[in-house]
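Asks: have a look at this prediction, sequence included:
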Amino acid sequence: MLPSNSGLGARDSGFVGRTKILLFTMLCLAVATQVSAQEPATRAEELAREREEKSKQLTPPQSGRVERTLLSLESGRFFERLLAPPEGFYPKIGNITAGSGFALGPGYRHAGILGERADFSTFAAVSLQRYWMIDARLTFPALADGRVFADVHGRLFDFPSEDFFGVGPESRREDETTYTLHSSQVGAVGGVRPASWLTLGTSVDYLTPSISAGRDGQTIGDLFTAAQAPGLDIQPDFVKLELSADVNTREPRGNPRRGGQYKIAYERYNDLDLDSFSFNRVNLDLQHYIPLLRDRRVLALHAVVSTSNADAGQTVPFYYQRTLGGPDDLRGFRRFRFRDDHTLLLQAEYRWEIFTAMDGAIFYDAGKVASRREDLDLEDLEHDYGIGFRFGTRNGVFLRVEGAFGSNGGKHFIMRFGHVF
């Protein structure tokens, strides 16, 4: 007789039941373990995971139309190609001198002449204020494997409305007059570069200044005499000699973000006709740039000291005295507001990148003039402050627009081609 299957079925049924319970338990444990692994153990991990999820949903910022336009102009080097092409004709756009206003004229440049050693350039420009200048030069920029440079140059200019307020720190704004400065200049420059950051140079120039009445407003002869403005009545020809040393570690050179430039120059003006206006001058010009936030912010510092000493029994002519006031130094004052034999200028700017090809700047200027060197101290400085915008590339600033305030000379709006320093 065969054994009964009832006992075996009961055992099989019990085994299957236990197996299902075991598999269900293992599945629950696996799910619990997975959930536990996904849950953050700490608040910090939870925040980190939220940031990671948000970062996956972020999209890169889109440039605005103005920024895209400026970026295109910068990458295409539009300003450089238009205003300073390597060869051929180009429009000369900018300022002839501090008071000329907007100037325009034709320019021409021919590189690689005289056996690829020299470059020739020339321009003629006329301004809205009727200033004009003609300039030509032949440069040898890289002789002796770039260690030696030289040029010969000539220029003729007429500045019809140069401002004169008197000599000295006590000059008055209400004494504003104008004069015309007409002159030619012919000379040569030479020098060596012992290192990439060091330039030693010398130059000689023949100058023929001529002073006459200004063409706008009250002229200088209506208010001042030759005793008050040395050289007003007669002007000799001069030979100017200069020796200079220039340490330049700026990066980039055209629109610095770091490094500095430290220059000293000795000048000698020889009166060739009257033996009345010969003098010596020493100029010290210091610039330093402190980069902040990966060069997107810059603290720019500038100091200039100039001292002039006439030969015994002679004087420095007023038209060759150093001045303060205008768009490049004391920006809150009229052009040439102060002049004397000795000058001091201190400037500071905080510059930041707004977007490609456009920077903002907050600035502060201070300075003074003095008839004696010992009075060239930090007492009674004239000062101003302001804000501005600069347009250009790393190779240079094409245009700057600024507002200057805080001086007793009133508020001043500045639109100037080129950098301030």
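Replies: On my side now, so go ahead. What you see is a predicted model; the values in this text were computed from it and never measured. Residues are numbered from 1 along each chain as shown.
Asks: mind checking pLDDT for the closest residue to residue 297 other than its chain neighbours?
Replies: Closest residue in space to residue 297, ignoring its immediate chain neighbours: residue 352 at 4.9 Å, by CB to CB, 6 or more residues apart in numbering. (C-beta placed from N, C-alpha, C; glycine too.) Looking at residue 352, its pLDDT is 96.
Asks: what's the answer for the one 5 residues further on, then?
Replies: Residue-level confidence at residue 357 comes out at 87, pLDDT.
Asks: ok, it to residue 183 distance?
Replies: Look at residue 357 and residue 183: by CB to CB, to the nearest Å, they are 37 Å apart.
Asks: more neighbours: these two, which one.
Replies: Higher neighbour count among residue 357 and residue 183: residue 357, with 23 against 18, using other CB atoms under 10 Å.
Asks: wait, that one touches residue 394, no?
Replies: No. Between residue 357 and residue 394 there is no contact under CB atoms under 8 Å: 9.5 Å.
Asks: just the CA atoms of the strand or helix carrying residue 193, as CSV, please.
Replies: Following DSSP states H and E, the helix or strand that holds residue 193 is strand 177-195. Only the C-alpha atoms of strand 177-195 are listed here, as CSV (Å, rounded to 0.1, in the frame of the first residue of the first chain):
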residue,chain,number,x,y,z
THR,A,177,42.1,135.1,-19.6
THR,A,178,43.3,133.4,-22.8
TYR,A,179,46.3,133.5,-25.0
THR,A,180,47.4,131.8,-28.3
LEU,A,181,50.4,129.5,-28.3
HIS,A,182,51.9,128.8,-31.8
SER,A,183,55.0,126.7,-32.1
SER,A,184,57.0,124.3,-34.1
GLN,A,185,59.1,121.4,-32.8
VAL,A,186,61.8,119.4,-34.5
GLY,A,187,63.8,116.7,-32.7
ALA,A,188,65.1,113.2,-32.2
VAL,A,189,64.7,110.5,-29.5
GLY,A,190,67.0,107.6,-28.7
GLY,A,191,67.3,105.0,-26.0
VAL,A,192,68.0,101.5,-24.9
ARG,A,193,66.1,98.7,-23.2
PRO,A,194,68.4,96.7,-21.0
ALA,A,195,65.5,94.7,-19.8
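Asks: show me what counts as buried in it.
Replies: 177-181, 183, 185, 187, 189-191, 193 (16 or more other CB atoms under 10 Å).
Asks: closest one to residue 415 out of the residues you listed, please.
Replies: residue 178 (21.4 Å; CB to CB).
Asks: what's across from the closest one in the sheet?
Replies: On the basis of DSSP bridges, residue 178 is bridged to residue 163, residue 219.
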